[in-house]
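Asks: sequence-free structure coming up:
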């Protein structure tokens, strides 16, 4: 019994010690991102008071979906979405001319998850940082 208690205490100490360094890592969304399917690229910037997130489509490829999206190049898909958590924003997202409620969450330095919902129907896409 004492061995289990010592193991649990050691795990708690290691978690407490390692936790702040992991939580303190904050990644900037600013930069150019491409969808995981490669059909479109977006420029993300911090805007408004410097804490809001804005996104503009800047490129599409020549796939069927890319050609369909091409008419939206240059348009904002996310305009001043306020930050709701350390690495998460919520606001209106315009996807193919339709505006839905959405969220953007930074998963790590090179991956972002974008989710848009209209009522109970939701769809998500992963964005990968272009280096």
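Replies: Noted; the coordinates are in hand. All figures in this text were calculated on a predicted structure; none of them were measured in a lab. Numbers count the residues shown, from 1 in each chain.
Asks: low-confidence ranges, this protein, go.
Replies: Residue ranges of the chain with pLDDT under 70: 1-24.
Asks: so where do the strands sit in it?
Replies: Ranges of strands in the chain, per DSSP state E, are 31-35, 40-47, 52-60, 76-81, 83-85, 88-95, 98-108, 111-118, 121-129.
Asks: ok, the third one: who's next to it in the sheet?
Replies: Same thing as strand 52-60. According to DSSP bridges, strand 52-60 forms sheet pairs with strand 40-47 (antiparallel), strand 76-81 (antiparallel).
Asks: ok, residue 65 - contacts?
Replies: Neighbour list for residue 65: 37, 39-40 [criterion: C-beta atoms under 8 Å, 6 or more residues apart in numbering]. Where C-beta positions appear, they are placed from N, C-alpha and C, glycine not excepted.
Asks: how about a cut-off of 7 Å?
Replies: By C-beta atoms under 7 Å, 6 or more residues apart in numbering, residue 65 lies in contact with residue 39.
Asks: what's the answer for residue 89, then?
Replies: 53, 81-83, 103-104.
Asks: if you set the cut-off to 8 Å instead, what comes out?
Replies: Shown in contact with residue 89 (C-beta under 8 Å, 6+ apart): 29, 52-53, 78, 81-83, 103-105.
Asks: mind giving me a markdown table with the residues you listed and columns for distance to residue 67 and neighbour count?
Replies: As requested, these are arranged in a markdown table below (distance: C-beta to C-beta, whole Å; neighbours: other C-beta atoms under 10 Å):
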| residue | distance to residue 67 | neighbour count |
| --- | --- | --- |
| 29 | 27 | 20 |
| 52 | 31 | 17 |
| 53 | 27 | 24 |
| 78 | 22 | 24 |
| 81 | 27 | 21 |
| 82 | 33 | 12 |
| 83 | 34 | 19 |
| 103 | 28 | 19 |
| 104 | 25 | 24 |
| 105 | 29 | 18 |
